[in-house]
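Asks: Sharing a model prediction with you, sequence too.
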Amino acid sequence: MNDEEVRMHLAAGRYYGRMATCGRKQVHLSEEAARKAAASLNDSGKAHHAVEAYPCYFCPERFPDQLNDFVFLNWHIGREMDESERELFTGSATALLDMEDVILNAAESSLGIQLGEVPLRVHNRKLCEGRSCCIHNPSDHHMKTWPVNWRGDRGIMERMCTHYNADGTIDYQIGHIDPDDSAFRKQRDGDDYDSGVHGCDGCCRAPR
């Protein structure tokens, strides 16, 4: 795999996140070992879709920040990228690898326990220019001014409806699925996307 392809896969990994890219995946210490494992799985017919070897962005301390020395990369195998993904991540690798830091409410990734406001890394705003994005460019839905909440346990973005007591204290909050995030995940994941089932008080229904 040449340097441009490595950058493309690292960018894609950072875009899709740690759990999808690295979590619970077997580590291969070389590209050759990962390629052999991918070929074996493809030949077995047990995979639901074609898989390929890719370098991992998240395995710690495996490459320098300059991204000019790929000797110590760890490798995994996963779903083979389609042509549209290859085109996107090849053309946007620099922007993806230069992500932005934001402060958002978030739930941690294992049990979904709320952490409050924490720093999170998100994609560079250049990647969503001209299209809806729950972080940088919300569409004109009725929840767009509500606080966002990242559900690390589900990999989804919520919008929080907030209800108050007479004295101004918060009575309760409920997380509803952000429609822009839902549309993006449906396009990305197809039938496997998280449809956003949630405990609901009806606030996510658009007013008539």
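Replies: Cool, got the structure. Residues are numbered from 1 along each chain as shown.
Asks: quick one: buried residues of the one helix or strand in the chain whose mean pLDDT sits lowest?
Replies: Least confident helix or strand of the chain, by mean pLDDT, DSSP states H and E, is helix 93-97 with a mean of 73. For helix 93-97, burial by neighbour count (16 or more other C-beta atoms under 10 Å) applies to 93, 95, 96, 97. (Glycine included, C-beta is placed from N, CA and C.)
Asks: just stretch 52-60 next, same as before
Replies: Using 16+ other C-beta under 10 Å as the test for burial, stretch 52-60 gives 52, 53, 54, 55, 56, 57, 58, 59.
Asks: Between these, which sits nearest residue 88?
Replies: Comparing the buried residues of stretch 52-60 against residue 88 with C-beta to C-beta places residue 54 closest, at 15.0 Å.
Asks: isn't the closest one right up against residue 9?
Replies: Yes. Applying C-beta atoms under 8 Å, one finds residue 54 in contact with residue 9, separated by 4.2 Å.
Asks: ok, then the element right after the least confident helix or strand of the chain?
Replies: Sequence order places strand 100-107 as the next helix or strand after helix 93-97, per DSSP states H and E.
Asks: That following strand: how far from the chain's middle?
Replies: 13 Å (C-alpha atoms, centre = their mean, to the nearest Å).
Asks: For stretch 14-31, C-alpha coordinates in CSV please.
Replies: Taking Å, rounded to 0.1, in the frame of the first residue of the first chain, the C-alpha atoms of stretch 14-31 are listed here in CSV:
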residue,chain,number,x,y,z
ARG,A,14,-10.5,8.9,12.0
TYR,A,15,-13.8,9.9,10.3
TYR,A,16,-15.6,6.7,11.3
GLY,A,17,-14.3,6.8,14.9
ARG,A,18,-12.4,4.5,17.3
MET,A,19,-15.2,1.9,17.9
ALA,A,20,-15.9,1.3,14.2
THR,A,21,-12.2,1.4,13.2
CYS,A,22,-10.3,-0.2,16.0
GLY,A,23,-12.6,-1.4,18.8
ARG,A,24,-12.7,-5.1,19.3
LYS,A,25,-10.7,-5.8,16.1
GLN,A,26,-7.7,-8.1,16.0
VAL,A,27,-4.4,-6.3,15.6
HIS,A,28,-2.0,-7.4,12.9
LEU,A,29,1.5,-6.1,13.2
SER,A,30,2.2,-5.9,9.4
GLU,A,31,0.3,-5.2,6.2
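Asks: Name the residues of it that are buried.
Replies: For stretch 14-31, by 16+ other C-beta under 10 Å, it's 14, 15, 16, 17, 18, 19, 20, 21, 22, 25, 28, 31.
Asks: now stretch 182-202
Replies: Buried, per 16+ other C-beta under 10 Å, within stretch 182-202: 182, 184, 185, 193, 196.
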